[in-house]
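Asker: pasting the structure only:
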C-alpha cells in the first residue's frame with residue numbers, strides 16, 4: 001500500500017523497499033565493443049508476457065483519496081512541459097514558461113513543473129522567462145527526432161543548446177545503428193554527447209516504439225547508462241508508438257538493477273501520449289512498485305508532456321471540491 005508522507009510531494013513505502021546499493025559497487029569501464037557486447041549479453045532476457053501482465057495488473061491499483069491528492073501534485077512537479085513543433089515561436093515559449101512557473105493562476109499552491117523542453121534555438125528565450133525560478137530548461141538535440149546526422153553535426157547541436165543555457169539535453173540514439181548491431185558506435189556517441197553536455201544533465205531517448213522487443217529496450221537502457229546517461233527516456237513523441245507502461249516497466253527494472261549493481265541512480269522519463277491524470281497515476285504506481293520510492297521524485301522520474309498538465313489541474317480542482325461520489329477511495333483506473 002502506498003502511503004502519504006508528511007512532505008506534500010513525496011510518496012513513501014516501507015523501508016525494506018528503499019534502494020540499498022551494493023557496498024563497493026562501481027560502474028564498469030567499457031574499453032571495447034567486445035566488452036560492451038559481453039556486458040549486454042549477460043543481461044537476463046525479458047519475459048514479454050510477464051512484463052505486460054505485471055504492467056496491466058499494476059494499472060488496476062487504486063489509491064486512497066488523500067494519497068491521490070499528493071500523487072497529482074507529485075505528477076505535476078515531474079512534468080517536462082514540452083513544445084516541439086515547427087511552428088514554435090518565442091511568444092509561445094514565453095506563454096509555456098509562464099504556465100510552467102505557475103500552472104494554475106487561481107491555485108498558487110499548485111507546484112511548478114520540473115522543466116520546459118524546447119528546440120535549441122529557443123533555449124535562450126526559455127532561459128530568460130524562467131530566470132529566478134526552479135524550473136529547468138531542457139532542450140532536444142542530436143538531430144531530434146530522427147537522429148539522422150553526422151556526429152559532428154549532433155555535437156554542434158548539443159553545444160548550441162548548452163551555450164544558450166540548457167540545464168538538460170535530451171538526445172536521441174541512432175536506432176538504425178543499434179538495430180544493425182553497431183553497439184560500439186551508439187555507445188561512443190552517447191559518451192561524446194555526455195562530454196559535450198558539460199554540467200547539463202543528459203537524457204538519452206531510446207525510442208522504444210522502434211526497438212521492436214523488450215530485450216532491446218533493456219539492452220539499450222543499459223548501454224545508455226554505461227555510457228553516462230543521467231536519464232533514460234522512452235520516446236520522442238514523434239512516432240506511432242511512444243511511451244507504454246510495459247516498456248517503462250522494463251526501463252525501471254533496468255535503472256533499479258543498475259543502481260543495485262553500481263550504486264549510481266539514473267532517472268527515467270516517460271514521454272509521448274500521456275495525456276490524462278489516470279495514465280500519469282498508473283505510471284507512478286509502476287515506478288513505486290518496480291524501482292521503489294527513491295524514484296518518486298522529479299530528480300529521477302519525469303513525464304514528457306504538453307497536455308497532461310491541463311488534466312492534472314482539472315483533477316486537482318475536483319479533488320479539492322469533493323466532487324467524487326465516494327470520499328474514502330477513488331480508483332486509478
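Answerer: Perfect, I can see it now. For clarity, every value in this text was computed on a predicted model and none was experimentally measured. Numbering: from 1, shown residues only.

Asker: nearest spatial neighbour of residue 108, skipping sequence neighbours?
Answerer: Nearest residue to residue 108 in three dimensions, chain neighbours excluded: residue 102, at 7.1 Å (Cβ to Cβ, 6 or more residues apart in numbering). All C-beta atoms are positioned from the backbone trio N, CA, C, and that covers glycine.

Asker: Excluding sequence neighbours, find me the nearest residue to residue 75.
Answerer: Residue nearest to residue 75 in three dimensions, not counting chain neighbours: residue 280, with 4.4 Å by Cβ to Cβ, 6+ apart.

Asker: For the stretch 201-333 of the chain, which residues score under the pLDDT cut-off?
Answerer: 322-333 (pLDDT under 70).

Asker: Count the residues that sit near residue 225.
Answerer: 24 (other Cβ atoms under 10 Å).

Asker: Please name the residues that touch it.
Answerer: With contacts defined as Cβ atoms under 8 Å, 6 or more residues apart in numbering, residue 225 is in contact with 27, 232, 254, 255, 258, 264, 266.

Asker: Tally up the residues packed near the first one, please.
Answerer: Okay, so that is residue 27. Residue 27 has 14 neighbouring residues, counting by other Cβ under 10 Å.

Asker: And for the fourth one?
Answerer: Residues within reach of residue 255, counting by other Cβ under 10 Å, total 27.

Asker: Enumerate every residue touching it.
Answerer: By Cβ under 8 Å, 6+ apart, the contact set of residue 255 is 221, 225, 232, 265, 266, 267, 268, 291, 295.

Asker: Could you export the residues you listed to a markdown table, including columns for secondary structure?
Answerer: Shown next, in a markdown table, are the contacts of residue 255 (DSSP: H, G, I helix; E, B strand; the rest coil):
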| residue | secondary structure |
| --- | --- |
| 221 | helix |
| 225 | helix |
| 232 | strand |
| 265 | coil |
| 266 | coil |
| 267 | strand |
| 268 | strand |
| 291 | coil |
| 295 | helix |
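
Asker: Among the residues you listed, pick out the one closest to residue 191, please.
Answerer: Using Cβ to Cβ, residue 225 comes nearest to residue 191 of the contacts of residue 255, at 11.8 Å.

Asker: now the closest one: how far from residue 259?
Answerer: Per Cβ to Cβ, to the nearest Å, residue 225 is found 9 Å from residue 259.

Asker: sorry, back to before: what about the contacts of residue 225, which are in helices?
Answerer: 254, 255, 258 (DSSP state H).

Asker: so can I have TSV of those residues showing distance to residue 243?
Answerer: What follows is those, written out as TSV (distance: Cβ to Cβ, whole Å):
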residue	distance to residue 243
254	15
255	15
258	20
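
Asker: what's next to stretch 34-44, contact-wise?
Answerer: 28, 30, 183, 184, 187, 218, 219, 222, 223, 226.

Asker: just those residues now: which is nearest residue 173?
Answerer: Distances from residue 173 to the contacts of stretch 34-44, taken by Cβ to Cβ, are shortest for residue 223, at 8.1 Å.

Asker: What is the neighbour count of the closest one?
Answerer: 24.

Asker: Please, which helix or strand holds residue 204?
Answerer: Secondary structure assignment for residue 204, by DSSP states H and E: strand 201-205.

Asker: residues of that strand that come out buried?
Answerer: By neighbour count on 16 or more other Cβ atoms under 10 Å, the buried set for strand 201-205 is 201, 202, 203, 204, 205.

Asker: If you count contacts, what does it end up packed against?
Answerer: strand 168-172, helix 183-197, strand 231-233, strand 267-271 (3 or more Cβ pairs under 8 Å, 6 or more residues apart in numbering; DSSP states H and E).

Asker: okay if I get these as CSV plus distance to residue 113?
Answerer: Output for the helices and strands packed on strand 201-205, formatted as CSV (distance: least, Cβ to Cβ, whole Å):
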stretch, distance to residue 113
strand 168-172, 13
helix 183-197, 21
strand 231-233, 16
strand 267-271, 13
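
Asker: between the ones you listed, which gets nearest to residue 66?
Answerer: strand 267-271 (24.7 Å).

Asker: Give me the helices and strands touching the closest one, please.
Answerer: Here strand 267-271 touches strand 79-82, strand 201-205, strand 231-233, helix 245-262, strand 301-305, going by 3+ Cβ pairs under 8 Å, 6+ apart.

Asker: Show me what counts as buried in the next helix or strand after that strand.
Answerer: Using DSSP H and E, the helix or strand that follows strand 267-271 in sequence is helix 277-290. By neighbour count on 16+ other Cβ under 10 Å, the buried set for helix 277-290 is 277, 279-290.

Asker: Just put the residues you listed in a markdown table and tack on distance to residue 52.
Answerer: Output for those, formatted as a markdown table (distance: Cβ to Cβ, whole Å):
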| residue | distance to residue 52 |
| --- | --- |
| 277 | 23 |
| 279 | 16 |
| 280 | 20 |
| 281 | 19 |
| 282 | 14 |
| 283 | 15 |
| 284 | 19 |
| 285 | 16 |
| 286 | 12 |
| 287 | 17 |
| 288 | 19 |
| 289 | 15 |
| 290 | 14 |
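
Asker: And stretch 210-226, what's buried?
Answerer: 210-211, 214-226.
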